[in-house]
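Trainee: Let me see the structure of the following:
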Amino acid sequence: MSALATVARPPAKERLGALRRRRILALGGLTAALAVGVVLSIAIGAKPVPPADIWQALTAPTGSEHDIVVRSLRIPRTALGILAGIALGVAGALMQGHTRNPLADPGLLGVTQGAGFAMVLSIMVFDMTSLHSYIWFGLAGALLASAGVFALGTIGGKATATPVTLALAGTAVSAFLYALTSALVLLNEQAMDVFRFWQSGSIAARGEEVAWQVLPFIAAGLLLALANAPGLNTLSLGEDVARSLGQNVTATRAVGLVATTLLTGAAVAACGAVAFVGLMVPHMVRPLAGPDNRWLLPYSGLLGAAMVLFADVIGRVVAMPGELEVGVVLALIGAPFFVALVRRRKPVRL
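Mentor: Modelled structure (predicted):
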């Protein structure tokens, strides 16, 4: 028996080493893809900027037109796209892991509709006219909607919300808030204009102030997500097995839900309803990362950021000198992906 065990160990070590090398190579590939997306996002637009002028604007700006375009417009837009993509990608992986639902996305908790309703309400009640003002209402609405979904999911004497009750409660709250928002925008033309632009999903014309406003919430959400990864791995074995291993299931789910809410709430409050990133990205990186969420979450963040930037660049190119909003481009890409995912007989196991 010992001889057989000795013979069996080297292949296992080789497989583990191959898996580690594959994961590292994939990490490098995703990082390179994000770097390319950053360069294209800064260089391409209604006014193309040559690489030499980009470098000059970054290292030794002289106040030229290209310097203003790069530093005042392109860099803040790119930074916000990176933050939103990372937040939505990681939130999608968390949501699918905690709900055990391959079709789950970050909006399942009512976060998107909560942010939209709060922003419309702030315009109508408090006469907010600047994104820098009503973004805080959007974030607060996202957090409150998520808390409401979690509270509904625990009605009936349950100690913790289950994936099924969360999905049902999230669907109900989202539908209710969308109906209220639709009624409000019909009464106020300014609110309708803002909501229509916000719902299309965009990272343009936000300015660096918006990125700084949402950065603390996204950073906190990412820290909680990384801390939640080991517990989520244990939960993937089943709640009964997780409890037998000493895992606090309630605390693990609560941390995951708070992380998802912070990430999604900050992203949608700043950029609007950027759909399909949280749905597509985890499925695309799962063959590379495997089931280990300690790798899956960083991969999802990197690919999410790259996807948002590439979609934004595509929107600038196909409609030049105008542009398509990034949310529209992602919807055109994500809708066929969603249909293909639903039609698969054997969905990716979570």
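
Trainee: shaky segments in the stretch 251-350 of the chain?
Mentor: For the stretch 251-350 of the chain, residues meeting the criterion pLDDT under 70 lie at 344-350.

Trainee: got a list of what residue 261 touches?
Mentor: Applying Cβ atoms under 8 Å, 6 or more residues apart in numbering to residue 261 gives the contacts 109, 111, 142-143, 146-147, 221. (C-beta placed from N, C-alpha, C; glycine too.)

Trainee: The same query, at a cut-off of 10 Å, please.
Mentor: Taking Cβ atoms under 10 Å, 6 or more residues apart in numbering, we find residue 261 in contact with 91, 106, 109-111, 114, 139, 142-147, 149-150, 217, 221, 224.

Trainee: Quick check: which element contains the residue nearest to residue 141 when sequence neighbours are not counted?
Mentor: Among residues not flanking residue 141 along the chain, residue 118 sits closest, at 2.4 Å (Cβ to Cβ, 6 or more residues apart in numbering). Using DSSP states H and E, residue 118 maps to helix 111-126.

Trainee: Against which helices or strands is the helix or strand following that helix packed?
Mentor: Next along the chain after helix 111-126, taking DSSP H and E as the criterion, comes helix 131-153. Secondary-structure packing of helix 131-153 (3 or more Cβ pairs under 10 Å, 6 or more residues apart in numbering; DSSP states H and E): helix 111-126, helix 163-185, helix 189-200, helix 208-235, helix 249-271.

Trainee: buried sites along stretch 72-90?
Mentor: 73-90 (16 or more other Cβ atoms under 10 Å).

Trainee: and if you look at stretch 44-64?
Mentor: 44-45, 49, 53-54, 56-57.

Trainee: what mean pLDDT does that stretch have?
Mentor: Stretch 44-64 comes out with an average pLDDT of 84.

Trainee: With stretch 144-154 instead?
Mentor: Taken as a whole, stretch 144-154 has an average pLDDT of 82.

Trainee: got it, and stretch 236-244?
Mentor: 83.

Trainee: cool, and stretch 119-128?
Mentor: Stretch 119-128 comes out at a mean pLDDT of 81.

Trainee: For it, buried residues please.
Mentor: 119-123, 128.

Trainee: Name the nearest of these relative to residue 333.
Mentor: Of all these, residue 119 has the smallest distance to residue 333: 25.8 Å, by Cβ to Cβ.

Trainee: do you know which of the helices and strands packed on helix 131-153 lies nearest residue 340?
Mentor: Going by Cβ to Cβ, the one of those nearest residue 340 is helix 163-185, 21.5 Å.

Trainee: quick check, distance from that closest one to the centre of its chain.
Mentor: Distance of helix 163-185 from the chain centroid (Cα atoms, centre = their mean, to the nearest Å) equals 19 Å.
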